[in-house]
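> This is the structure alone, sequence omitted:
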């Protein structure tokens with residue numbers, strides 16, 4: 001019952017906003033996916049209607065103007081009608097330009113008129129334009145509505161997962177809160193579920209919800225009998241755990257567990273993605289919250305030695321590849337102790353003729369080059385990338401001080417822009433022990449955007465009085481200020497016993513990663529030391545750098561010589577100096593200068609920027625090169 005004495009929190013200016021959404025009682029009652037889909041369809045229909053109205057406005061405006069211009073001699077009032085039609089046409093062109101930065105004076109032609117003319121003779125451009133039909137329709141919405149459609153289109157599944165876990169009465173607030181953060185972060189990512197849960201602890205249930213409607217909708221959520229038995233089209237759901245209730249499940253006879261439990265061979269005939277989904281569901285039923293571990297774009301496994309960080313990284317990488325066969329898994333690690341799962345491995349095995357320290361140094365150099373390449377690429381151009389950095393502290397410690405600082409700062413602040421997912425394994429008690437004081441200013445940003453997973457090691461007997469540390473298989477969401485402490489309610493469960501059948505060949509202890517690979521024999525990849533031709537040796541890193549600089553010098557000199565006569569504005573020179581001097585990390589790469597947001601929408605061309613930098617170097621205001629980066633005097 002609602003109390004009539006409670007004043008409304010809404011105002012007359014905002015009261016209509018909630019009425020513009022689909023019935024909120026369905027959202028609060030738990031029909032989350034249906035509500036989101038309805039809102040998405042509603043926004044697109046609004047965009048389509050707005051586009052039709054825009055075309056009609058331009059048609060009538062141009063028609064009225066034309067009739068007024070032709071018939072004004074017959075009837076002077078025709079000129080007035082023509083002026084009104086022309087004003088309506090001009091109003092639309094100006095209003096549309098303010099919203100989309102496009103000049104669209106001709107009806108039924110989307111986008112800039114000049115671009116439309118250019119498309120007339122270019123087949124590829126016309127094909128790309130037709131592929132963007134949906135996005136061009138959404139442009140006719142008001143800016144906030146267009147952003148909300150982009151929000152739903154990009155994060156539909158994540159929004160549904162988030163809101164399903166929110167208690168009734170807070171779901172619409174949580175939806176608006178996520179949408180607000182989506183706009184703040186420029187569409188790069190959503191906040192973590194943990195940060196939303198902490199925020200919602202201070203939010204009360206909305207007093208405007210209709211409790212009677214919510215209760216009625218919840219009671220009406222009964223499953224209707226299908227006219228067609230859809231189970232015949234579904235892949236069989238397999239519970240790989242051994243349980244007494246297994247015989248009660250309705251499954252094909254070939255998937256019934258034996259007395260000793262289900263064997264991997266019983267589900268290997270299923271497609272990879274189905275197997276992965278079955279295993280993930282089984283892990284969740286066992287209390288192991290594996291999906292919560294991948295709830296962020298950057299995941300950090302932290303804790304003591306032999307705690308199971310590498311094991312968990314191998315499990316997540318294997319399941320991710322099984323779910324997405326096009327995933328590009330890049331795995332960097334020191335040493336040679338690696339799990340035999342499918343990936344592009346860069347480890348000491350790549351340099352068999354080097355000693356342990358020498359090989360790890362070359363792996364660290366390869367990692368630095370890979371990160372430099374990511375930093376120079378276009379934003380969100382590596383959406384299918386899964387980058388795993390094991391033994392990260394070891395690899396980063398082998399880099400020069402300047403390179404180590406740059407690599408840490410890139411991983412902390414800019415990796416997410418690549419569009420990929422990062423799994424990094426850290427050995428340390430807190431963030432300062434990992435990044436050091438040089439990057440302490442970025443610590444708060446890192447803590448907010450990274451999902452920290454902690455683990456625990458346990459001591460087992462190695463014979464006699466000797467003990468060895470092995471992974472306990474238990475994981476938790478770690479406190480960013482102290483990796484050994486879990487956050488409140490952050491228990492992620494323990495790896496179940498049915499995933500501890502295989503043994504590690506080194507210590508003889510249960511090995512969940514190798515057990516998981518028994519369910520995915522297609523993803524097994526035995527990593528062997530690289531074989532080098534007889535008589536060849538690996539050149540030292542300083543020799544490689546020297547050769548690279550020798551071969552790059554003539555090209556740079558020719559480019560600078562060709563650009564000496566180019567006219568460079570003083571404002572652009574000052575802008576380059578401003579970008580370099582205000583950068584967090586130095587030296588600043590050529591790509592970072594060109595892609596800086598301080599240029600706005602007028603990013604300089606490569607040729608022009610090289611000419612400007614050449615003038616600054618010649619006038620002793622900048623120092624460096626494209627290979628090494630630039631610093632200000």
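All right, it came through fine. This one's a predicted model, so the numbers in the text were calculated from it and none came from an experiment.

> Would you mind naming the residues that bridge with the residue lying closest to residue 490 once chain neighbours are set aside?
Take residue 490 and drop its neighbours on the chain: the residue closest to it by CB to CB, 6 or more residues apart in numbering is residue 477, 3.2 Å away. C-beta coordinates here come from the backbone N, C-alpha and C atoms, glycine included. Beta-bridge partners recorded for residue 477 (DSSP bridges): residue 453.

> Next one: residue 477 from residue 166, what distance?
18 Å (CB to CB, to the nearest Å).

> which residues of this protein fall in strands?
Secondary structure of the chain, counting by DSSP state E: strands at 298-302, 328-332, 344-346, 385-389, 421-426, 450-461, 467-479, 482-494, 622-625, 629-632.

> just the helices in the stretch 301-450 of the chain please.
In the stretch 301-450 of the chain, the helices defined using DSSP state H, counting those that start in this stretch lie at 309-323, 356-376, 392-397, 401-413, 431-435, 443-449.

> Settle this for me: residue 408 is touching residue 396, isn't it.
Yes - under the criterion of CB atoms under 8 Å, residue 408 makes contact with residue 396 at 6.6 Å.

> pretty sure residue 162 contacts residue 171?
No - contact between residue 162 and residue 171 fails when scored by CB under 8 Å: they sit 9.3 Å apart.

> So for the biggest helix by length in the chain, what gets flagged as buried?
Identified as the longest helix of the chain according to DSSP state H is helix 32-71. Buried residues in helix 32-71, counted by 16 or more other CB atoms under 10 Å: 32, 35-36, 38-40, 43-44, 46-47, 50-51, 54-55, 57-58, 61-62, 64-65, 68.

> Repeat that for stretch 201-215.
For stretch 201-215, by 16+ other CB under 10 Å, it's 206, 209, 214.

> Make CSV from those and add distance to residue 617 to it.
Converted to CSV, the buried residues of stretch 201-215 look like this (distance: CB to CB, whole Å):
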residue, distance to residue 617
206, 60
209, 64
214, 67
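
> Correct me if wrong: residue 628 contacts residue 587.
Yes - counting by CB under 8 Å, residue 587 is a contact partner of residue 628 at 6.1 Å.

> who has more neighbours, those two?
residue 587 (18 against 13; other CB atoms under 10 Å).

> ok, for the more buried one, nearest residue in space, not its chain neighbours?
Spatial nearest neighbour of residue 587, chain neighbours left out: residue 629 (2.8 Å); criterion: CB to CB, 6+ apart.

> burial of that neighbour, as a residue count?
By other CB under 10 Å, 22 other residues sit near residue 629.

> repeat for residue 384
13.

> Next one: it from residue 420, what distance?
Separation of residue 384 from residue 420 (CB to CB) stands at 8 Å.

> One more: residue 290?
Distance of residue 290 to residue 420, computed by CB to CB: 20 Å.

> Repeat that for residue 205.
38 Å.

> again with residue 302
From residue 302 to residue 420 the distance is 20 Å (CB to CB).

> What of residue 9?
42 Å.

> Equivalent analysis for residue 619, please.
Noted for residue 619: a distance of 39 Å to residue 420, by CB to CB.

> and these two? which has more neighbours close in?
Counted by other CB under 10 Å, residue 619 and residue 420 do not tie: residue 420 has more neighbours, with 21 against 10.

> Just give the closest residue to that one, not the sequence neighbours.
Nearest to residue 420 is residue 385, by CB to CB, 6+ apart, at 3.1 Å.

> and what of residue 491?
Distances taken as CB to CB, 6+ apart place residue 476 nearest to residue 491, at 5.3 Å, with adjacent residues excluded.

> show me what contacts that neighbour?
Contact partners of residue 476, counting by CB atoms under 8 Å, 6 or more residues apart in numbering, are 453, 454, 455, 486, 487, 490, 491, 492.
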